[in-house]
Structure formats: C-alpha cells, structure tokens
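Asker: build me a model from this:
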Amino acid sequence: MKKSVFWSVIFITAVFSVNAVYGQGFTGIGPGSGTNAQIQTVTASQVKNLREGSLVILTGNIVNSLGREKFTFRDSTGDVTIEIDRNLWVLLDLSVSANDSVEIRGEIEIQNRNAVVDVLYLKKLQSK
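Answerer: Below is the predicted model of the structure:
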C-alpha cells in the first residue's frame, strides 16, 4: 500500500511538473514529441474528439459509479467515463457526492474505442 501511494505521488508530481513548464505561458514546442504539452480545459462533449495522451481539465459532477474504479462525470454538455484509482481517493483524503462540483485533471485514454479520462488529480470545488 505504501509503495502504491508513493508512486501515485510521484506520478501526480510529474504530471503537474509538465504543466508547470509548458503551462506558464510557454507556447513553443515540447521536448521530443514535436507537440505542445499544455493541459487543456475542456467539456465532457469535447473529450471524445481528443487524442490519446491529451492532458485535460474538466469541471462538473461525478454522478455515479460504474464499478471497478470507473465513474460517470457530467457537465452541462454531457457525460464522459472517468477512471479514478482507489489509491488516489486515499491519497487525497477526499469524498464527494453527486451534488459536489469537482475539478478533474487527467489524461485521455482510448478504451474499447471510447475516450476515458484517467484522473490524475481531483479537487472538490467550493459551493457558490
């Protein structure tokens, strides 16, 4: 368990390090890939049009569990499947309900020809 939490922290740190380097106003080309590695704020309906490996931010609600670490995320544009590792819940010491607004940062994965957001970070937003 301790190794899992350790590697989760390392992975999250690495993802946000990429965002820190490329997301701070830098609009040039990223190392090696020939593409810009910026994280994009998108809607649920836009996720299906993104390439695998794209880094995204979504804001909305987790409305139900699909089992096996998969959930339905919903915003005003529609639904998308997200995957949240159970260790991330423990690491962040977080619980949310369908009524809580959340911000998700993650990476697009293609599973069975469908785009799924692999959640790397999750934050509960303050109620207005």
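Asker: those helices in the chain, which residues are they?
Answerer: In chain order, the chain shows helices spanning 2-22, 44-47, 86-92, with DSSP state H as the criterion.
Asker: pLDDT of the first one, averaged?
Answerer: Helix 2-22 shows an average pLDDT of 56 in the prediction.
Asker: ditto for the last one
Answerer: Looking at helix 86-92 alone, the average pLDDT works out to 89.
Asker: buried ones in it, by neighbour count?
Answerer: Residues of helix 86-92 classed as buried under the neighbour-count rule (16 or more other C-beta atoms under 10 Å) are 87, 88, 91. No exception for glycine: its C-beta is placed from N, CA and C like everyone else's.
Asker: with just CA atoms, put that helix into CSV.
Answerer: The C-alpha coordinates for helix 86-92 follow below in CSV (Å, rounded to 0.1, in the frame of the first residue of the first chain):
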residue,chain,number,x,y,z
ARG,A,86,-8.8,3.9,-5.4
ASN,A,87,-5.4,4.9,-4.1
LEU,A,88,-6.0,8.5,-5.3
TRP,A,89,-9.1,8.7,-3.1
VAL,A,90,-6.9,7.7,-0.1
LEU,A,91,-4.0,9.9,-1.1
LEU,A,92,-6.3,13.0,-1.4
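Asker: I am finished for the moment; much appreciated.
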